[in-house]
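Colleague: Build the 3D model from these lines:
(2 chains)
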Number of protein chains: 2
Amino acid sequence: MNDTHIVSGFDRDLESVQAHIMKMGGLVEQNILDAAKALRDRDEELSEKVRKSDKAIDALEELINEEASRVIALRAPTAVDLRVILSVMKIAGNLERIGDYAKNMAKRNSVLVHMTPVEGARTALGRMAREVQLMLKDALDAYIQRDADLAQEILERDREIDQMYNALFREFLTFMMEDPRYITPCMHLHFIAKNTERMGDHVTSIAEQVIYLVTGTMPDEAREKADFTSRDPEVSDLK
Amino acid sequence: MNDTHIVSGFDRDLESVQAHIMKMGGLVEQNILDAAKALRDRDEELSEKVRKSDKAIDALEELINEEASRVIALRAPTAVDLRVILSVMKIAGNLERIGDYAKNMAKRNSVLVHMTPVEGARTALGRMAREVQLMLKDALDAYIQRDADLAQEILERDREIDQMYNALFREFLTFMMEDPRYITPCMHLHFIAKNTERMGDHVTSIAEQVIYLVTGTMPDEAREKADFTSRDPEVSDLK
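Modeller: Modelled structure (predicted):
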């Protein structure tokens, strides 16, 4: 058993785990789109489909973790290979969280269909979800192709998601102040917006893993959070 | 180099990583308490302290991940030992997330101090934070002592946190409907309540890791989520 054999054995194992990551990513992308569509069309059946599909996503994460553990135990990878296999587990964890947020969107939708519709907001939320799904697609492509430039681009696009969230936060406040009937639906829509923004953070975290794998260093810790609602003077003026 | 030597080498390494987990846990517990105290006393200085301390928490997570990776590369642990060392990384990840939520509470507090105070809510939030901190303390004790019974108890206590959150959610809605000046502060307080509830979920996840380590199986997937706000008919009636 020579070195080449060990290396190609590891590569083969890795490829199999990565195929599951891509499958998991595909299901998560679909769930983001379906949850947003269900929200737009007030479609309870589609919400139910999202909730069911999330179980398959969770099962895939478990499978990936088991496979990765087995590769570590079997191949005893060192340095770079170990970093790669640990990153697979982290990415699976991020995908699982994004899936959870999509499921939560679907659950809240089943409540929202019984409430006063908040026109406009659902379209904006749909755009935000679509943008996150495209970012996720690119992040997974960047991972498979080990493309640090594409990953870097994703970090920048996450700022746009943060800005979309900030705009929605202000819009919800305005709605709620105008008419108390909007308060409860806007609380739910606000959570959906915040959760979509959090999906973007998890996509960013996948992109950061890619950069770490390719360059060996994490991107600037200094990447400033662009959710200003917890410190924006404009927001705090609305007292 | 015989088997005994390898085993005790792994144990020594593990002890060192676990010491860092306990240190990290202590900092996170303190930050939960400080963030809640800052909220109660409208104390901006204490909020600032929490935000600074969170950097130390993040640095510890990185250190723990590096140490754990080194142990895997060096000792090539199999089966049970590998499960233990991977659980360390997962627990560090949970602690980091809990720390993030405490930091977010401190950040929102710096905005809230400039707004109309919402009496009563801050006391309830303080009780909730205190309960989560105690659960975290017990979860880490359960981890160190490999005490599955104590861990199981934590899963049950998390339901109380969920109920506290549900009660607050309704209280915030009532405040907001009574007086529009409460809308913005209640949006922030609502996020703080939801984030505290999420801290409880991460503590639960640590407890589940303990049960997995001791028994080899994850506790019942069927543990029902007790946050009813995304499906409670009572809430959805408030349209």
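
Colleague: Where do the helices of chain A begin and end?
Modeller: A:3-41, A:44-75, A:79-112, A:121-145, A:148-178, A:183-215, A:233-236 (DSSP state H).

Colleague: Give me the mean pLDDT for stretch A:86-102.
Modeller: Across stretch A:86-102, the average pLDDT comes to 94.

Colleague: returning to that earlier point: of all the helices of chain A, which lies closest to B:M22?
Modeller: Nearest to B:M22, of all the helices of chain A, is helix A:79-112, at 22.6 Å by Cβ to Cβ. Just so you know, the C-beta spots here come from the backbone N, C-alpha and C atoms, and that holds for glycine as well.

Colleague: buried sites along the closest one?
Modeller: Neighbour-count burial for helix A:79-112 flags A:81-112 (criterion: 16 or more other Cβ atoms under 10 Å in any protein chain shown).

Colleague: related to what we said a few turns ago, now the helices of chain A as JSON lines including distance to chain B?
Modeller: Shown next, in JSON lines, are those (distance: least, Cβ to the nearest Cβ, whole Å):
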{"stretch": "helix A:3-41", "distance to chain B": "13"}
{"stretch": "helix A:44-75", "distance to chain B": "5"}
{"stretch": "helix A:79-112", "distance to chain B": "4"}
{"stretch": "helix A:121-145", "distance to chain B": "15"}
{"stretch": "helix A:148-178", "distance to chain B": "5"}
{"stretch": "helix A:183-215", "distance to chain B": "5"}
{"stretch": "helix A:233-236", "distance to chain B": "5"}
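
Colleague: now these in JSON lines, with distance to B:K55?
Modeller: Conversion of the helices of chain A to JSON lines gives the following (distance: least, Cβ to Cβ, whole Å):
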{"stretch": "helix A:3-41", "distance to B:K55": "31"}
{"stretch": "helix A:44-75", "distance to B:K55": "29"}
{"stretch": "helix A:79-112", "distance to B:K55": "21"}
{"stretch": "helix A:121-145", "distance to B:K55": "26"}
{"stretch": "helix A:148-178", "distance to B:K55": "20"}
{"stretch": "helix A:183-215", "distance to B:K55": "17"}
{"stretch": "helix A:233-236", "distance to B:K55": "24"}
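
Colleague: And those, which one averages the lowest pLDDT?
Modeller: With a mean of 34, helix A:233-236 has the lowest mean pLDDT of those.

Colleague: A:L136 versus A:A129, what's the distance?
Modeller: 11 Å (Cβ to Cβ, to the nearest Å).

Colleague: what do the two both touch?
Modeller: Common contact partners of A:A129 and A:L136 (Cβ atoms under 8 Å, 6 or more residues apart in numbering or on different chains): A:I32, A:M199.

Colleague: that older thread, out of the helices of chain A, flag the one nearest B:A76.
Modeller: Relative to B:A76, the nearest member of those by Cβ to Cβ is helix A:44-75, separated by 7.8 Å.

Colleague: can you give me how far the closest one is from the chain middle?
Modeller: Mean-position distance between helix A:44-75 and its chain equals 15 Å (Cα atoms, centre = their mean, to the nearest Å).

Colleague: what does stretch A:67-86 give?
Modeller: Mean C-alpha position of stretch A:67-86 versus that of the full chain (Cα atoms, centre = their mean) differs by 25 Å.

Colleague: In CSV, please show the C-alpha coordinates belonging to that stretch.
Modeller: C-alpha atoms of stretch A:67-86 as CSV (Å, rounded to 0.1, in the frame of the first residue of the first chain):
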residue,chain,number,x,y,z
GLU,A,67,-19.4,9.2,6.3
ALA,A,68,-17.0,12.0,7.3
SER,A,69,-16.3,10.3,10.6
ARG,A,70,-15.7,7.0,8.9
VAL,A,71,-13.2,8.6,6.5
ILE,A,72,-11.3,10.2,9.4
ALA,A,73,-11.2,6.9,11.3
LEU,A,74,-10.3,4.9,8.2
ARG,A,75,-7.8,7.1,6.4
ALA,A,76,-6.4,9.1,9.4
PRO,A,77,-6.0,12.1,7.2
THR,A,78,-3.4,14.7,8.2
ALA,A,79,-3.2,18.5,7.8
VAL,A,80,-4.8,19.6,4.5
ASP,A,81,-7.0,16.4,4.0
LEU,A,82,-8.3,16.7,7.5
ARG,A,83,-9.2,20.3,7.0
VAL,A,84,-11.1,19.3,3.9
ILE,A,85,-13.1,16.6,5.6
LEU,A,86,-13.9,18.8,8.6
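
Colleague: does A:D158 really touch A:H202, like I thought?
Modeller: No - using Cβ atoms under 8 Å, A:D158 is not in contact with A:H202, being 10.0 Å away.

Colleague: Give me the common contacts of the two.
Modeller: Residues within reach of A:D158 and of A:H202 at once, by Cβ under 8 Å, 6+ apart: there are none.

Colleague: Could I get the contacting residues of A:H20?
Modeller: Counting by Cβ under 8 Å, 6+ apart, A:H20 has contacts A:L60, A:L63, A:I64, A:E67.

Colleague: What is the neighbour count of the third one?
Modeller: Here the neighbour count serves as a burial measure; for A:I64 (other Cβ atoms under 10 Å in any protein chain shown) it reads 23.

Colleague: What of the first one?
Modeller: In terms of burial, A:L60 registers 21 neighbours under the definition other Cβ under 10 Å.

Colleague: I'd say it and A:K23 touch.
Modeller: Yes - at 6.5 Å, A:L60 counts as touching A:K23 under the criterion of Cβ under 8 Å.

Colleague: phi, psi of A:E119?
Modeller: Backbone dihedrals for A:E119, given as degrees, to the nearest 10, come out at phi -70, psi 150.

Colleague: That one and chain B, how far apart?
Modeller: Here the criterion is Cβ to the nearest Cβ, to the nearest Å. By it, A:E119 lies 15 Å from chain B.

Colleague: Quick check: that residue vs B:R83, distance?
Modeller: 51 Å.

Colleague: And A:K49, by the same measure?
Modeller: Taken as Cβ to Cβ, the span from A:K49 to B:R83 is 34 Å.

Colleague: which residue packs closest to A:E208, ignoring adjacent ones?
Modeller: Excluding the flanking residues, the one nearest A:E208 by Cβ to Cβ, 6 or more residues apart in numbering or on different chains is A:P219, at 5.6 Å.

Colleague: go on, A:L136?
Modeller: The shortest distance from A:L136 to any non-neighbouring residue, by Cβ to Cβ, 6+ apart, is to A:V203 (4.9 Å).

Colleague: ok, now A:L60?
Modeller: Of all residues not flanking A:L60 in the chain, A:M24 sits nearest, at 4.2 Å (Cβ to Cβ, 6+ apart).

Colleague: can you check A:D43 too?
Modeller: A:K37 (6.9 Å).

Colleague: The one you found and B:E208: what is the separation?
Modeller: 33 Å.

Colleague: Looking at those two now, which is surrounded by more residues?
Modeller: Neighbours per residue (other Cβ under 10 Å) separate A:K37 from B:E208, with B:E208 holding more: 21 against 17.

Colleague: Test my guess that that one contacts B:Q152.
Modeller: No - between B:E208 and B:Q152 there is no contact under Cβ under 8 Å: 9.7 Å.
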